[in-house]
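Visitor: next come a sequence and a model predicted from it.
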Amino acid sequence: MSQRFLFVILFFSFVCSAQVDEVLKPDRKFEKQTAEKKASIDLYKIISLDNDTTYVDTTLTIQREYKFNYLRKDTFGLLQFLNEGQTYNTLNFGLNQFNPYPEFGFKAKHFNYLEVRDVNYYNVPTPYSDLYFKSVMEQGQNLDAFVSLNTSKNLNFSVGYKGLRSLGKYANQLSSTGNFRFITSYNTTNKRYHLKAHITAQDILNQENGGIVNLSEFEEGENLYRERARLETYFTDAKSLLKGNRFFVDHSFRLSKSNPNSLVLLHQFNFENKFFEFSMSANERFGDSYASTVNNKTRYNRMYNKFGVAYSNAKLGDFQFFADDYKYNYFYYRTVTLADGSIVPNKNNDRINTWGAQYSYQKNSWKGNLLVSNSLTNQSLANIEANVRYTLNDKNTFALKYQNMNKLPDLNYVLYQSDYVAYNWYNTFKNEKINNFEVEAQTQWLDASFQYTVLNDHLFFANQNPVYNEQGIAEQLVVKPFQYDKTINYLSVKASKDVKFWKMGFDNTVLFQQVEQNDPILNVPKFVTRNTLYFSDYYFKKALYIQTGVTLNYFTKYKANDYNPLLGEFYIQNQKEIGDFPMMDFFINAKVRTFRMFLKAEHFNSSFTGFNYYTAPNYPYRDFMVRFGVIWNFFS
């Protein structure tokens with residue numbers, strides 16, 4: 001670890017010292033301009049990896065209310081578990097994103113894990129800070145602090161840390177997470193060289209209680225069990241830990257000094273290592289074990305290099321050709337011999353090379369992109385992505401997207417080792433085939449989207465030969481990966497509209513989903529809705545802005561996926577339905593300049609609409625609680 005840290009420091013020292021001397025000297029002109037005139041908000045730029053640019057948002061809108069949460073994004077279609085920092089059950093299948101490469105897996109643990117495309121880059125005229133605080137369920141807090149500054153117009157440094165600690169209301173439910181990121185971006189004055197780079201160090205620790213044992217004690221609502229720590233849970237000492245570090249660089253260099261349409265050399269580098277660990281005292285709920293103390297640790301690292309050349313033409317668009325090299329190592333420190341004599345190896349590693357081409361076009365109201373990639377090595381891997389966007393005017397935009405993917409299985413489907421006897425496997429699965437078509441319209445009358453997805457050779461986890469108790473809960477969890485050899489057709493339609501009249505607003509989002517399949521593999525609720533009635537107004541000569549209202553979240557009953565903490569994955573179950581309960585929140589938000597305060601009474605209807613609310617078959621949803629928090633931005 002210390003050697004990698006030293007390498008990082010030396011690398012950034014080299015990058016900084018390798019720039020032109022003028023860049024390292026204080027940009028007096030830059031400082032003078034920002035000192036003489038207060039910078040407008042549109043100069044504080046947030047830039048994605050694909051160079052899509054937005055601006056720092058200091059407003060207080062209903063959309064900002066939806067994003068004031070642990071993930072700091074709109075979580076419509078996700079159902080959060082009891083404690084802050086735990087996983088989410090996915091109500092909207094359309095939120096799933098696919099990567100043709102074999103990924104680490106353990107996806108239930110990755111909702112708060114910052115991937116490469118989750119990291120943005122900044123360009124700011126003065127130092128910019130973003131401070132986020134929110135109270136948690138019990139004994140702890142959630143804090144996200146971020147600072148960004150430009151030493152010149154060309155060079156930016158940003159650093160941030162998001163930390164969470166929350167004890168939770170139930171037994172063995174502690175969450176403790178940390179997400180550190182260091183970000184830099186640079187371009188030469190003549191725009192020939194561009195650099196984006198970041199370092200992340202992330203750890204996500206959860207105590208895992210396995211859900212409650214007696215559902216009747218929760219559902220009957222007796223005062224004795226209103227103190228949730230009294231409810232018996234399956235595990236009292238289980239915990240899981242996902243930890244990862246990443247070093248990422250994306251840079252380009254234009255060959256010609258004077259011709260902006262000349263060839264551009266591209267390079268992207270990504271090195272990442274992770275591990276997922278689960279530990280507990282042996283428990284018969286997972287079956288027989290080899291040891292009295294279970295400690296499963298899966299290790300993984302990968303190195304990715306992408307080399308390309310691009311050509312830009314004002315009339316024809318942008319052309320890019322590339323080749324990439326993807327090396328991964330997924331491993332354990334032992335081999336396992338099963339009862340039938342078969343051996344579960346200690347590693348799964350490979351090297352994948354692909355070629356690809358990308359075409360981008362943007363002119364007037366049209367913007368489009370086409371990406372094609374295919375494997376050069378023996379692995380069968382392919383991806384086609386096409387999207388086009390037409391902007392009629394500021395209020396009306398239409399988009400089409402198509403994706404055809406031949407995806408290699410994620411690594412924990414292929415190989416897994418555990419101290420539990422039944423949780424050891426080494427499989428050979430076919431590639432997953434995914435066809436996805438989307439239409440989106442953002443208009444002055446309504447925002448709407450349509451998605452149609454066809455899945456073949458779909459991989460999933462399921463409980464093998466379960467025996468259910470009278471509550472509909474499996475008595476033992478022997479969850480394994482399976483592959484479905486038939487076709488699954490998924491369709492969704494989503495519509496949203498914020499209706500405003502006087503100082504009132506009525507924001508509505510409705511999602512409809514339909515699945516056609518021969519067997520119940522992909523289970524989703526038919527309807528998911530979110531409806532918010534709110535009031536907004538200024539006070540004290542417009543120095544104070546107040547927003548208050550009530551939000552209703554609801555989804556229809558369905559046989560939701562259950563959660564297996566040992567695997568860090570959700571698995572299908574077709575015994576118990578959850579849903580058909582309202583979740584109502586009352587909020588009061590206030591804004592003074594760049595300071596915003598949020599106060600919310602979450603699920604305030606819990607005590608009088610019935611204790612039948614669950615996020616998974618034996619994991620209750622949150623009870624009524626009052627939480628508050630702030631976001632404060634500084635621009636100096």
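Guide: Here it is on my side, so go on. Numbering: from 1, shown residues only.
Visitor: list the residues that contact Tyr614.
Guide: Residues near Tyr614 by CB atoms under 8 Å, 6 or more residues apart in numbering: 560, 578, 620-621. Backbone N, C-alpha and C define where each C-beta goes, glycine included.
Visitor: how about the backbone phi and psi for Asp118?
Guide: With angles defined as degrees, to the nearest 10, Asp118 sits at phi -90, psi -10.
Visitor: circling back: farthest-apart pair in the contacts of Tyr614, please.
Guide: Distance extremes for the contacts of Tyr614: the farthest pair is Ala560 and Pro620 at 12.9 Å, using CB to CB.
Visitor: tell me who's in contact with Asn295.
Guide: Applying CB under 8 Å, 6+ apart, the residues near Asn295 are 277-279, 419.
Visitor: the contacts of Tyr614 into JSON lines, with extra columns for distance to Ala495, secondary structure and pLDDT?
Guide: Formatted as JSON lines, the contacts of Tyr614 follow (distance: CB to CB, whole Å; DSSP: H, G, I helix; E, B strand; the rest coil; pLDDT from 0 to 100):
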{"residue": "Ala560", "distance to Ala495": "23", "secondary structure": "coil", "pLDDT": "96"}
{"residue": "Ile578", "distance to Ala495": "24", "secondary structure": "strand", "pLDDT": "96"}
{"residue": "Pro620", "distance to Ala495": "31", "secondary structure": "strand", "pLDDT": "95"}
{"residue": "Tyr621", "distance to Ala495": "25", "secondary structure": "coil", "pLDDT": "95"}
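Visitor: so which helix or strand takes in Val550?
Guide: Per DSSP states H and E, Val550 falls inside strand 544-555.
Visitor: so what does that strand touch, helix or strand wise?
Guide: Judged by 3 or more CB pairs under 8 Å, 6 or more residues apart in numbering; DSSP states H and E, strand 544-555 is in contact with helix 62-66, strand 527-539, strand 583-592.
Visitor: which residues sit against the first one?
Guide: Meaning helix 62-66. 57, 74-76, 498, 505, 507, 532, 534, 547, 549, 551, 587, 589, 596, 598.
Visitor: cool, and the last one?
Guide: Among residues not part of strand 583-592, those counted as contacts by CB under 8 Å, 6+ apart are 59-60, 64-65, 543-554, 596-605, 613, 621.
Visitor: if we use 6 Å, what do you get?
Guide: 60, 544-548, 550-553, 597-605 (CB atoms under 6 Å, 6 or more residues apart in numbering).
Visitor: repeat for the longest one
Guide: Residues from elsewhere that reach strand 527-539 (CB under 6 Å, 6+ apart): 76, 91, 503-512, 545-556.
Visitor: what pLDDT is listed against the closest residue to Tyr326 other than its chain neighbours?
Guide: Of all residues not flanking Tyr326 in the chain, Ile352 sits nearest, at 4.4 Å (CB to CB, 6 or more residues apart in numbering). Turning to Ile352, the model gives it a pLDDT of 96.
Visitor: who does the strand ranked longest in the chain pair up with?
Guide: Scanning the chain for the strand with the most residues, using DSSP state E, yields strand 293-313. Strand pairing for strand 293-313, using DSSP bridges, gives strand 264-281 (antiparallel), strand 317-331 (antiparallel).
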